[in-house]
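Trainee: Sharing a model prediction with you, sequence too.
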Amino acid sequence: MERRKFDVAIIGAGGAGMRAALQLSSAGYKVAVLSKVFPTRSHTVAAQGGITAALGNVTEDNWLWHMYDTVKGSDYLGDQDAIEYMCRMGPQVVYEMEHFGLPFSRLENGKIYQRPFGGQSRNFGGDQAARTCAAADRTGHAMLHTLYQRNIQAKTHFFVEFLAIDLVRDAEGRALGVVALDMERGEPLLVEARATLLATGGAGRIFQASTNAFINTGDGLGMASRAGIPLEDMEFWQFHPTGVMGAGVLISEGVRGEGGYLVNGAGERFMERYAPHARDLAGRDVVARAIAIEIHEGRGCGSRKDHVLLKLDHIGKDEILDKLPGIREIALKFAHVDPLEAPIPVVPTAHYMMGGIPTHYRGQVVVPARTGPEEAVPGLYAIGECACVSVHGANRLGGNSLLDLLVFGQAAAEHIVEFLKENPTSPPIPREGPDLALARLARWERREGTERVADVYRDMQGIMQSHCGVFRRAEVLEEGIAKLEEARQRLDRAAIGDHSKVFNTARVEALELENLMEVAFATIRSAAARTESRGAHARDDYPERDDRNWLKHTLAHRDGTIDYKPVRLKPLTVSSFPPKTRTY
Amino acid sequence: MRFSIYRFDPDADASPHMKDYELALEAGDMMLLDALILIKAQDDSLSLRKSCREGVCGSDAMNINGKNGLACITPLSSLKEPIELRPLPGLPVIRDLVVDMEPFFKQYRSIKPYLINNDPPPETERLQSPQERAELDGLYECILCACCTTSCPSFWWNPEKFVGPAGLLQAWRFIADTRDQATSERLDDLEDPYRLFRCHGIMNCVDACPKGLNPTEAIGKIKGMMVRRTV
C-alpha cells in the first residue's frame, strides 16, 4: 500500500477542517487535508444566513449575552466552558475572516452587516439582538471559498476525492493516521500523521427528508465508533423549521430575521401563540414543533394541509434582492413561487446533528477511561458538526454552527501545535494497523449478495424518518430499533454490481451507508433511552424536561450500551447560568 | 422518459459509448439529478458527482442535450427526449460523467484567488461601503462548476495557456475588491497574448453559467483597465 507522511492529517475540507489547516500550514507544519469532494463542494457551502458573533454593529452587544442565549438555546445541555470560549472568541474569528477576504455585506458605515436571528437577545433575555454577520444569504459559500483561497496561498496539501476509511491506532489507542480510498484510482493510501483531526461534518442523510447534501454521511462518526469511541448526545437532531416542502432544500432563518413570518391554513400568524415575545424568532426546536403541531392538528396549508407558509413579500423587492437573493433563487426553482409575490411552502426538515464525537473545548477527543469520563485520546481531534464539544447542547442556535467551525478549528490547531512540540516523533505504525480499513474495502469486493445498497439506504432513511422524527415515543422508537436491526442485517447481505477500480461511486455509497448505519443506531438508541423532553428531543410520553435525572450527556457505544457523563456547568472565567424554565 | 448517457470505464471499455436508459416517471417537477439517481439505482455502475442538490456546490455539472448545466437545478420538464448526457467537454474523462477538473482548477489557482493586502490588519473589520461591496455582486457567487470554462472554444484550444472565463471572473472579483492592493500585479500577470486575450467575446460562458453570472463582462472590465493604464 502506498504511504505518505505528514505532521497532521485532517479529514474533511469544510469550514472547520480548512480553518484548522490554514493555521497549521501557516505555522509551517506539513498538513494533509483529505476530502471526498473538492473542498468548495463541502456542505459548509450551503450555509445561508450567517455567522453569529457579538460585534455590536447594529444593536449594542456583549459576548456574555451571546453566551447566555446559547446556554438557554441548548436547553442547558451545552457545556458552559466551551460555550464561553466560543462566544468570547466570536468577534476575533469573524474579523479574521473579514481580513482573509470574506465579502461580508456592509452597513452604511462600512462595518459588517448583522441581522437578527432566532434566540438572540440583549441583556440576558431582553429585546431582540441583531448578532448574525452575513454575506447576503450565501455566508457559508463565501466563507468556504475564502478559506479554500487562503489555503491555496498557505500551500496546504489537499488530497481531493480521497474517502477516509478508518483510523489507524496503536495498542495504546494513540491515533497514528488514516487509511483512505483514492476514488479516482480505486487504491488505498495510508497517511501517517503525528496528529489526526476529524472534520467530516454532519450525517443528515440518515433521514428521508433532510436539508443536507448527499455527502453528509457521518464518515468521521463511523470511523470513531469502529475505533471504540462512543458517540455523544446523538438523540439531539435539529429539524429546521423551514425546509422547502417536498424538496427539503433549506430556507434560511435569515428570512424570518429580515422580517418574514409563518402563517397556517387559516392565515394566522401562529407563532404568536407559541412564543409571544420572540414569535418567529424563537429557538428552532420551538418553531419546528409549533409547525408540526399546526399541521398535525389540521391547520396546515394546501389541499393536503401538510405544510405552512413562509411569507416575506412584505419585506419589499429591493430588500429581498439585496439580502435574500439566494432564497429567491431556491424558491423559484424548488417551490415554483416567486417570494416577491407569494409565500414559500415549508415544513420542518432534518438539518443539523448537535451530537457527535466527544471532545473538550480545545478539540481533543475525550472518552471514558480509568481516569474519568473524559480522558483524551492522544493525537486524535474532532471539530465542527462531527464533534460534540458541546456548544449546542440539545438545540443549536442559528448562526452558531459557522462560528463553531472557525472557533474550534482554530482552537484544535493551537492544541495540535502544542501536541506536535511535545511529540516530535510518533510511534511506528503496527503491522496490523491498517487491517480494519482494508477489511472494510475487501468486504465490498464480494460479488454475491441478495440485497441492493440503494434499497437498504432508502429503507434506513424511511425508518429514521417515521420512528425518530420531531415527536418521539417509546413504542415507536423500540419498533424503529427492531426495523433498523433488520436493515443492518440486510446490509450485511448486500453486494454492489460495480467492481471497477476507477471512480466507483457504488462502492463509495456502500461505505457511506455503513457509516450512516452507525449514526442511525446511536441516534435511535440514545433517543429511546432519554425519557424526558429537552431541546430538539421531544418525547410525547415524557413531555417535560427533567433536570434531576437527565441533566447529563449521553454516550452511545457501538455494542448498544449507553453511558452518561455530567454537563459542564462551570464556565472558564464567568459565573454559571443555572438551568431555568426556557420560554421565548 | 428516455435517456442516452455517455459511458466509459477505462478499466473495462476499449472506447466510450452511449447507453440508453428508460424510466417510467410520473409527471411532476423532478430535476435531472433525481432521474439520474433513479437510473443509478437500476445500474449502479453509472458514475457521476453530486452533493448539495441545490445548485451551490458545483459538483454535478455536465453536458445536457448539448448545453453545459447542473443536473440538480435542471427540471426534467425543460428537456427534450431522448435526454442526451455527456461529460463536460474539453476536459479529460475519468469515467462516465466524471471529468478530470485539474486543468480548470490549475487556471483558477493561477490568478492568485485570494485577497492581497499588506497593511497590518486593524483590530476590527476593514471598512467597505455598501456601494463598494456591491461591486463584488455577480462575481463572488461563482461555484467553480466549470460550466462556463468548458463551453469556451478558446479554452478547448488552449487549456494550458488561457485562464478561461471562471478564472478571469475571479481575477476581476479581487481587482474589484477595494480591500485588495495587488491590482497592478494582477494586471501584469494577465497582460499576455493567451492568459486574458484569448477571450474573443464568444459569450458561451454567459449562456452556460447556471448562476446567471457574466464572465464576459468581467473580462471586458479587466481589458478596459489595461487599456486605461497604458494611456
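Mentor: Cool, the structure landed. Residues are numbered from 1 along each chain as shown, chains lettered A, B, ... in the order given.

Trainee: hey, let's count contacts and neighbours off CA atoms from now on
Mentor: OK.

Trainee: same question for stretch B:14-23, mean pLDDT?
Mentor: On average, the pLDDT along stretch B:14-23 is 97.

Trainee: chain center to the lengthiest helix in chain B: distance?
Mentor: The single longest helix within chain B, with elements called by DSSP state H, is helix B:215-230. Its chain's average C-alpha position is 21 Å from that of helix B:215-230, according to C-alpha atoms, centre = their mean, to the nearest Å.

Trainee: by contact count, what packs against it?
Mentor: When contacts are defined as 3 or more C-alpha pairs under 8 Å, 6 or more residues apart in numbering or on different chains; DSSP states H and E, helix B:215-230 packs onto helix B:164-175, helix B:204-208.

Trainee: At the geometric centre of the chain, which residue sits there?
Mentor: Let's take chain A. In chain A, the residue lying closest to the centroid (C-alpha atoms, centre = their mean) is residue A:385, at 3.2 Å.

Trainee: Switch to chain B, please.
Mentor: Per C-alpha atoms, centre = their mean, the C-alpha nearest to the average position across chain B is that of residue B:146, at 2.1 Å.

Trainee: if we can go back for a sec, out of the helices and strands packed on helix B:215-230, which is closest to chain A?
Mentor: Across these, chain A has its closest neighbour in helix B:164-175 (9.1 Å, C-alpha to the nearest C-alpha).

Trainee: now check that closest one, is it near chain A?
Mentor: No. Using C-alpha under 8 Å from any C-alpha of the partner chain, helix B:164-175 never reaches chain A; the gap is at least 9.1 Å.

Trainee: contacting residues around the residue nearest to the centre of chain B?
Mentor: By C-alpha atoms under 8 Å, 6 or more residues apart in numbering or on different chains, residue B:146 lies in contact with B:61, B:104, B:166.

Trainee: how about 7 Å then?
Mentor: The contact partners of residue B:146, taken as C-alpha atoms under 7 Å, 6 or more residues apart in numbering or on different chains, are residue B:166.

Trainee: Next: residue A:534.
Mentor: Contact analysis of residue A:534 by C-alpha under 7 Å, 6+ apart lists A:75, A:394, A:545.

Trainee: winner for burial among the helices and strands packed on helix B:215-230?
Mentor: Across the helices and strands packed on helix B:215-230, averaging neighbours per residue (mean count of other C-alpha atoms under 10 Å in any protein chain shown) puts helix B:164-175 on top, at a mean of 27.

Trainee: Give me the residues contacting it.
Mentor: By C-alpha under 7 Å, 6+ apart, helix B:164-175 touches B:107-108, B:111, B:113, B:115, B:136, B:139-140, B:144, B:146, B:148-149, B:155, B:180, B:183, B:205, B:215, B:218-219, B:222.

Trainee: Which strands and helices lie in contact with the helix or strand following that helix?
Mentor: Counting by DSSP states H and E, the next helix or strand C-terminal to helix B:164-175 is helix B:183-190. Under the contact criterion of 3 or more C-alpha pairs under 7 Å, 6 or more residues apart in numbering or on different chains; DSSP states H and E, helix B:183-190 touches no helix or strand at all.

Trainee: which of the contacts of residue A:534 count as buried?
Mentor: Among these, those classed as buried by 16 or more other C-alpha atoms under 10 Å in any protein chain shown are A:75, A:394, A:545.

Trainee: can you narrow these to ones near chain B?
Mentor: The subset of the buried ones among the contacts of residue A:534 within reach of chain B, counting by C-alpha under 7 Å from any C-alpha of the partner chain, is empty.

Trainee: C-alpha coordinates for stretch B:173-190, PDB please?
Mentor: Taking Å, rounded to 0.1, in the frame of the first residue of the first chain, the C-alpha atoms of stretch B:173-190 are listed here in PDB:
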ATOM      1  CA  ARG B 173     -13.500  39.800  -8.200                       C
ATOM      2  CA  PHE B 174     -10.200  40.600  -6.500                       C
ATOM      3  CA  ILE B 175      -9.300  43.500  -8.600                       C
ATOM      4  CA  ALA B 176     -12.800  45.000  -7.900                       C
ATOM      5  CA  ASP B 177     -12.400  44.500  -4.200                       C
ATOM      6  CA  THR B 178     -11.500  47.800  -2.500                       C
ATOM      7  CA  ARG B 179      -9.600  45.800   0.200                       C
ATOM      8  CA  ASP B 180      -7.200  44.300  -2.400                       C
ATOM      9  CA  GLN B 181      -3.900  46.000  -3.100                       C
ATOM     10  CA  ALA B 182      -2.500  43.900  -5.900                       C
ATOM     11  CA  THR B 183      -4.300  45.300  -8.900                       C
ATOM     12  CA  SER B 184      -1.200  46.200 -10.900                       C
ATOM     13  CA  GLU B 185       0.400  42.700 -10.200                       C
ATOM     14  CA  ARG B 186      -2.800  41.100 -11.200                       C
ATOM     15  CA  LEU B 187      -3.000  43.100 -14.400                       C
ATOM     16  CA  ASP B 188       0.700  42.400 -15.200                       C
ATOM     17  CA  ASP B 189       0.000  38.700 -14.800                       C
ATOM     18  CA  LEU B 190      -2.800  38.800 -17.300                       C
END
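
Trainee: which parts of that stretch are buried?
Mentor: For stretch B:173-190, using 16+ other C-alpha under 10 Å, the buried residues are B:173-183, B:186-187, B:190.
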